[in-house]
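Participant: here you go, sequence then predicted model.
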Amino acid sequence: MATIVKCPTCQKEVIWGPESAFRPFCSDRCRLIDLGAWANEEHKIPDKGRADLPLSEQQLEQLENELLEQDNEFFK
(Lines give C-alpha, C1' and ligand atoms only; values in the text may rest on other atoms or scores of the structure.)
Protein backbone atom coordinates (compact mmCIF):
# COMPACT_ATOMS: atom_id res chain seq x y z
CA MET A 1 0.00 0.00 0.00
CA ALA A 2 1.32 3.42 -0.98
CA THR A 3 1.96 6.14 1.56
CA ILE A 4 -0.10 9.29 1.04
CA VAL A 5 1.17 12.70 2.19
CA LYS A 6 -0.28 16.19 1.84
CA CYS A 7 1.42 18.73 -0.39
CA PRO A 8 3.01 21.32 1.94
CA THR A 9 1.79 24.15 -0.30
CA CYS A 10 -1.80 23.28 -1.29
CA GLN A 11 -2.58 20.29 0.97
CA LYS A 12 -3.54 18.08 -2.01
CA GLU A 13 -2.90 14.36 -1.38
CA VAL A 14 0.29 13.05 -3.00
CA ILE A 15 1.48 9.46 -3.32
CA TRP A 16 4.95 9.13 -1.76
CA GLY A 17 6.69 7.13 -4.43
CA PRO A 18 8.67 7.26 -7.67
CA GLU A 19 5.53 8.07 -9.66
CA SER A 20 5.33 11.46 -7.87
CA ALA A 21 8.24 13.36 -9.40
CA PHE A 22 7.82 16.44 -7.17
CA ARG A 23 7.13 14.70 -3.85
CA PRO A 24 6.30 15.88 -1.27
CA PHE A 25 4.78 18.51 -3.55
CA CYS A 26 1.96 17.73 -5.96
CA SER A 27 3.49 19.74 -8.81
CA ASP A 28 6.45 21.82 -9.89
CA ARG A 29 4.32 24.92 -9.30
CA CYS A 30 3.83 24.09 -5.60
CA ARG A 31 7.53 23.23 -5.29
CA LEU A 32 8.50 26.63 -6.72
CA ILE A 33 6.02 28.46 -4.47
CA ASP A 34 7.66 26.81 -1.45
CA LEU A 35 11.16 27.62 -2.74
CA GLY A 36 10.13 31.26 -3.18
CA ALA A 37 8.86 31.36 0.41
CA TRP A 38 12.25 30.14 1.64
CA ALA A 39 14.02 32.71 -0.56
CA ASN A 40 11.82 35.49 0.87
CA GLU A 41 12.59 34.22 4.40
CA GLU A 42 8.93 33.42 5.03
CA HIS A 43 10.11 29.99 6.24
CA LYS A 44 12.91 29.84 8.77
CA ILE A 45 14.64 27.16 10.80
CA PRO A 46 14.78 28.36 14.40
CA ASP A 47 18.23 29.18 15.73
CA LYS A 48 18.99 27.68 19.13
CA GLY A 49 21.84 30.09 19.76
CA ARG A 50 21.73 33.83 20.08
CA ALA A 51 24.33 35.43 17.83
CA ASP A 52 23.51 38.90 19.14
CA LEU A 53 24.54 38.10 22.73
CA PRO A 54 28.13 38.94 23.67
CA LEU A 55 30.46 36.06 24.54
CA SER A 56 31.89 35.80 28.03
CA GLU A 57 35.64 35.84 28.58
CA GLN A 58 35.50 32.11 29.30
CA GLN A 59 33.68 31.41 26.01
CA LEU A 60 36.15 33.55 24.06
CA GLU A 61 39.10 31.75 25.65
CA GLN A 62 37.56 28.37 24.85
CA LEU A 63 37.04 29.37 21.20
CA GLU A 64 40.60 30.65 20.93
CA ASN A 65 41.97 27.40 22.35
CA GLU A 66 39.87 25.32 19.95
CA LEU A 67 41.14 27.37 17.00
CA LEU A 68 44.77 27.01 18.13
CA GLU A 69 44.35 23.23 18.38
CA GLN A 70 43.31 23.05 14.73
CA ASP A 71 45.97 22.25 12.18
CA ASN A 72 45.51 25.57 10.41
CA GLU A 73 48.42 27.97 9.90
CA PHE A 74 46.07 30.96 9.63
CA PHE A 75 45.40 31.01 13.38
CA LYS A 76 49.02 30.51 14.48
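Facilitator: Received it, and whenever you're ready, just let me know what you need. Everything numeric here is computed off the predicted structure, so don't read it as measured data.

Participant: just the helices in the protein please.
Facilitator: Ranges of helices in the chain, per DSSP state H, are 28-39, 57-69.

Participant: run through the chain and note the low-pLDDT ranges.
Facilitator: Across the chain, residues meeting the criterion (pLDDT under 70) sit at 47-52, 71-76.

Participant: so what's the nearest residue to T3 once chain neighbours are set aside up against?
Facilitator: Nearest non-adjacent residue to T3, counting by CB to CB, 6 or more residues apart in numbering: W16, 4.2 Å away. C-beta: built from backbone N, CA, C; applies to glycine. Going by CB atoms under 8 Å, 6 or more residues apart in numbering, W16 touches A2, T3, I4, V5, R23, P24.

Participant: at 6 Å what do you get?
Facilitator: W16 sits next to T3, V5, R23 when contact means CB atoms under 6 Å, 6 or more residues apart in numbering.

Participant: so how far is Q62 from it?
Facilitator: Using CB to CB, to the nearest Å, we find W16 at a distance of 44 Å from Q62.
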